[in-house]
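have a look; sequence and predicted model below, questions after that.
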Amino acid sequence: MTFDAAVLRSYESRFAVEEVVLRSGPADGEVLVRIAGCGMCRTDLAVRGSAGRSPLPAVLGHEGAGVVVETGGPDTGLDPGDHVVLSFDSCGRCRSCASGAPAYCDSFAALNLFGGRREHATRFTDAAGGTLAPRWFGQSAFAEYAVVAARNAVRVDPALPVELLGPLGCGFLTGAGAVFHTFRAGPGDSVAVLGAGAVGLAAVMAAVAAGADVVAVDRHPERLALAEQLGATALPATASDLAGRIRRLTGGGASCALDTTASARLINNALWALRPTGHLGLVARLHRTLPLEVGALDRGRRISHICEGDAVPGVLIPRLIGLWRAGRFPFDRLIRRYPLAAVNDAERDCDAGRVVKPVLIPEGRGR
């Protein structure tokens, strides 16, 4: 079958919507999904700065959602017509996967970032027959169709607006999972969130839903205003004595903090803002040595990296949908839709901070 997809051919070029070819259907354990919408994540855009480790040309996109068209083999647990949210890839066999921690799969980087699954890789080509890189994050969902491992697909209620649900598979899952799973925040806790983008605002919504107090820090006034509407106290990133102001707002220090910025200045401020034994989680990839100020880790404070919100997608995604239906996780307020053909406009607006979560909507001309 042939269909349209946004192809990135070099680390410097823009996306180009091209006709691509799927030369065979899903293999055992896989499903073919007609994509209804796919969120654009900072991780997609970070491919440009990956120092060549993410192979190109490729179809990116890893916050897809849509409808199952075809299943491969009898054991996928899914049927044609099922509505699904797609999440990250994992092997399902290593010690981390077996212990319910697929985000720490031994093969996570290989499967999701630096090559993808090699099985049947050549079945996905451009119109001239040139091979495209194997599935990005198990999906390559900036496209009208995607072939994914069934373990990456979470069935959802078909009454839901499936075109909006894709970001629950990564960005919103990461922020909310950090609050619910890593920090286990609840009433009486206080959460500082550094960076009010998609991941940060998901953390804000989750913390409010959990009954915790929240302070959100960002450099964009419109994002701070949105954080306040979602229940947070807002502070500009340029505020003087930022750590001291967070401590005062949280009654002596935050229980936990989530940094989504990778800014050394903000990370150190977050550590100083923690109460004794507080926990700072990092979700953004660091590209240089992180200098920590002397004393910032004193008094039992700790720092760790959080991958995919420590989540099992099949458990957390339904929980987030339930909260959304109850009016307690209004993720749809963060979304702006773009046609797939406007993928470069979506990237530009995302980079400029004009949109929190772009969602690309394919035009549906696949055949």
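Yep, that arrived.

buried ones in the helix or strand of the chain at the bottom of the mean pLDDT ranking, by neighbour count?
In the chain, no helix or strand scores lower on mean pLDDT, DSSP states H and E than helix 42-45, which sits at a mean of 89. Burial within helix 42-45, assessed by neighbour count using 16 or more other C-beta atoms under 10 Å, is assigned to R42, T43, D44. For the C-beta atoms, the positions are set from N, CA and C on the backbone; glycine is no exception.

doesn't V59 make contact with the last one?
No: counting by C-beta atoms under 8 Å, D44 stays clear of V59, with 10.4 Å between them.

who touches both of these two?
Taking C-beta atoms under 8 Å, 6 or more residues apart in numbering as the criterion, D44 and V59 both touch W136, F142.

that older thread, against which helices or strands is the helix or strand following the least confident helix or strand of the chain packed?
The helix or strand immediately downstream of helix 42-45 is strand 58-59, counting by DSSP states H and E. Contact analysis of strand 58-59 by 3 or more C-beta pairs under 8 Å, 6 or more residues apart in numbering; DSSP states H and E lists strand 2-8 as its packing neighbours.

again, only this time at 10 Å
Judged by 3 or more C-beta pairs under 10 Å, 6 or more residues apart in numbering; DSSP states H and E, the packing partners of strand 58-59 are strand 2-8, strand 124-126.

distance between the least confident helix or strand of the chain and the chain's centre?
9 Å (C-alpha atoms, centre = their mean, to the nearest Å).

which of the helices and strands packed on strand 58-59 sits closest to N268?
Closest approach to N268 among the helices and strands packed on strand 58-59 (C-beta to C-beta): strand 2-8, 34.4 Å.

nearest to V214, of the buried residues of helix 42-45?
Relative to V214, and with distances defined as C-beta to C-beta, the nearest of the buried residues of helix 42-45 is R42, at 21.2 Å.

need the contact list for the closest one.
C170, G171, G197, A198, V199, T260, V283, A284, R285, C350, D351 (C-beta atoms under 10 Å, 6 or more residues apart in numbering).

thinking again about what came up before, hey, least reliable of the helices and strands packed on strand 58-59 by pLDDT?
Ranked by mean pLDDT, those end with strand 124-126 at the bottom, a mean of 91.

contacts for it?
Contacts for strand 124-126 (C-beta under 10 Å, 6+ apart): 5, 7, 9, 16, 18-24, 57-59, 116, 131-135, 140, 143, 146-147.

for stretch 282-290, same thing?
Under C-beta under 10 Å, 6+ apart, the answer for stretch 282-290 is 42-43, 46, 49-51, 113, 171, 174-175, 177-178, 182, 194-195, 197, 199-200, 203, 257-264, 267-268, 270, 303-309.
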